[in-house]
Each structure stands twice: as C-alpha cells, then as structure tokens.
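Novice: Structure for the following, please:
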Amino acid sequence: MELNGVPATIEQVKTLALTNYGHFTSMLVSDGQVRGLSLHMQRLARDCRQLFGVDLDTEQVRSYVRHALAGTAEPVTVRVTVYDPALDLGTIGRDADPHVLVTTRSGSLATPPPWRLQAASYRRELPAVKHIGLFGAMNQRRAAQREGYDDVLFLNPDGTISEIATSNIGFVRDGQVVWPRSEWLPGITMTLINQGLDEPISTELVTLSDLPTMEAAFATNAASGIRAVASVDTTEWPTEHKVLQQLRELYADIPAETV
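Specialist: Have a look, this model is predicted:
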C-alpha cells in the first residue's frame, strides 16, 4: 500500500474510512502489462476533474503503479484510489490536493466461474463515476449472497436493467451482443469489447420479462475479464454459449499496454 509512491501510514489512509470521498480504478496486471491501460488513465483523469475540479497527472500515476509492482512476477489486481487525505466531513468543500493510493492483491488469468444473480431495485449515486462510495452496492450484494446468490443485478425504478454491483452485464440474442440501455459505469472491459466487435453495438431497454428471450448472459470486469452468467433470479442460460467463447477470444487478442 503506497501513497504517492511511498508506504502509506494509517493516519494518511483513515480519511478513506472517515470521509469516504474519492474515486478509483482496478486493473489486472500481468507481466507489467494491462489491457485498456489508457482507458483506465482516462477514467482517473475524468473522474478527478469531476470530483475534485483538478487535473490528474496520469504519467505520474503510472510511475506510482510501476513502483508498487517492482519485483512482482505473478498476475496482480492493482487498485488506484484518488483522494485527498486532508479533507474531512467539515471541510469537504475546500480546494483539493488529490493523492494517489496504489494497493495490490492477487490476480488470476483463469476463466472465472459462472455467476448466479439476484435482481434488486437500486441505483448507484453518480453511476458514470467509479467512486469509492460503495456502501449501497455492497449492502445489496450482501443481501443477495445471504440468499445464496453470487452477486446482485441492479434495476432502475422503471424496472429496466442497469448493471451488476461492480461489473457490467451483457446479453446474447440471435447471436448478437445486447447491452442494457441505462445510466451505468462504462466499464473498461465492456469498452474494449465494443471496440473489437465487427457488428454495430446494440443497446436497448431490457427488463426482467425480456430475459427469457436471451440466449446467454455475461458479466465484464477488468479484474476477471468475461464471466458467464448462469441465471438471474429464475431465468437460466447455458454457460458455454459460442458467442461467449468468441468474446473471450476477442478479449484475449486485445494488445496489452505496458505500465
């Protein structure tokens, strides 16, 4: 755990728990390379301007990540969190001096197991920002897991599908990828897939009643790639659909960028 390239102290990181204002991105690093690294940096810069009103030096961020990875040979998931340790609940409106916290955990290149999802009515605050305010999403995930599911699928107030707690969801119908039309976090893996697909990108309003018309479903996340979704509530799909395999192959062929 390093803050601006040096080991972080408890005093410096306690703001994350006590004030909980900031944003982050997570990425799978293998051999010092990341698929969609430029998109991760663009996300950090965009969210920093929105939350703090200042520009972020993404080249400096990359140097911090390289420093944190020094000597690491195995795949790791790197989380870059941007926040200001000096801000507190009473001074949140002050001019900000964002710091960069880099943390790592073990990662895997293996195909992740399928998920079973429970649908729940919930909408994240500022859906397009990958902010650190995760209480609501984690509360919904906990409720789903306590019921025996793997994760939660969010529904808008009008019943349309948006996203999974920390992943995007896509569907396959008539051999084509369909994304829900909604406010959600534009995921890096989702963006890379869309850039690599030959056919036009299809987005439409999708409700639970539409799910039986889908041939398959999948989740996308930068740390785990493409994961088959076996079910949402009582609607089930095969987890070995040919389009899912094609998407995995497409994703695997995307050139990675050196940190």
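Novice: Do a quick rundown of the helices in the chain.
Specialist: 10-18, 37-52, 58-69, 135-146, 188-196, 242-252 (DSSP state H).
Novice: helices or strands next to the fifth one in the packing?
Specialist: Applying 3 or more C-beta pairs under 8 Å, 6 or more residues apart in numbering; DSSP states H and E, we find helix 188-196 packed against helix 37-52, strand 168-173, strand 216-221, strand 225-232, helix 242-252. Backbone N, C-alpha and C define where each C-beta goes, glycine included.
Novice: And the contacts of it?
Specialist: Identification of contacts with helix 188-196 by C-beta atoms under 8 Å, 6 or more residues apart in numbering yields 25, 27, 35-36, 39-40, 43, 168, 170, 177, 179, 201, 220-222, 225-226, 247, 250-251, 253-254.
Novice: Mean confidence (pLDDT) on that helix, please.
Specialist: The average pLDDT within helix 188-196 is 95.
Novice: do the same with the longest one
Specialist: On average, the pLDDT along helix 37-52 is 98.
Novice: Tell me which residues are up against it.
Specialist: 21-23, 25, 27, 34, 54-56, 58, 61-62, 80, 82, 84, 96, 98, 126, 129-131, 188, 191-192, 222, 256-259.
Novice: okay, residue 26: pLDDT?
Specialist: 97.
Novice: so it sits right up against residue 79, yeah?
Specialist: Yes - when contacts are counted by C-beta atoms under 8 Å, residue 26 is listed as touching residue 79 (4.6 Å).
Novice: neighbour-wise, which of those two wins?
Specialist: Taking neighbours as other C-beta atoms under 10 Å, residue 26 and residue 79 compare with residue 26 leading, 19 against 16.
Novice: For that one, which residues are in contact?
Specialist: 77, 78, 79, 80, 222, 223.
Novice: Mind telling me the two of those residues farthest from one another?
Specialist: Pairwise distances across the contacts of residue 26 peak at 12.7 Å for 80 and 223 (criterion: C-beta to C-beta).
Novice: Would you mark the buried spots in stretch 189-205?
Specialist: Using 16 or more other C-beta atoms under 10 Å as the burial criterion, the residues of stretch 189-205 that qualify are 189, 190, 191, 192, 193.
Novice: hang on, I meant stretch 62-74
Specialist: For stretch 62-74, by 16+ other C-beta under 10 Å, it's 62, 64, 65, 68, 69.
Novice: Any chance of a markdown table for these, columns distance to residue 102 and pLDDT?
Specialist: Below are those laid out as a markdown table (distance: C-beta to C-beta, whole Å; pLDDT from 0 to 100):
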| residue | distance to residue 102 | pLDDT |
| --- | --- | --- |
| 62 | 10 | 97 |
| 64 | 5 | 97 |
| 65 | 6 | 97 |
| 68 | 4 | 95 |
| 69 | 9 | 94 |
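Novice: Between these, which sits nearest residue 12?
Specialist: When the buried residues of stretch 62-74 are compared for distance to residue 12 (C-beta to C-beta), residue 64 wins out at 14.1 Å.
Novice: show me the contacts for that closest one.
Specialist: By C-beta under 8 Å, 6+ apart, residue 64 lies in contact with 2, 4, 5, 80, 100, 102.
Novice: again, only using 10 Å
Specialist: 2-6, 57, 78, 80, 99-102, 259 (C-beta atoms under 10 Å, 6 or more residues apart in numbering).
Novice: May I have the residues that are in contact with residue 248?
Specialist: 111, 218, 225, 226, 227, 228 are the contacts of residue 248 under C-beta under 10 Å, 6+ apart.
Novice: Which pLDDT value goes with the last one?
Specialist: Spelled out, that is residue 228. 98.
Novice: Perfect, I'm done here.
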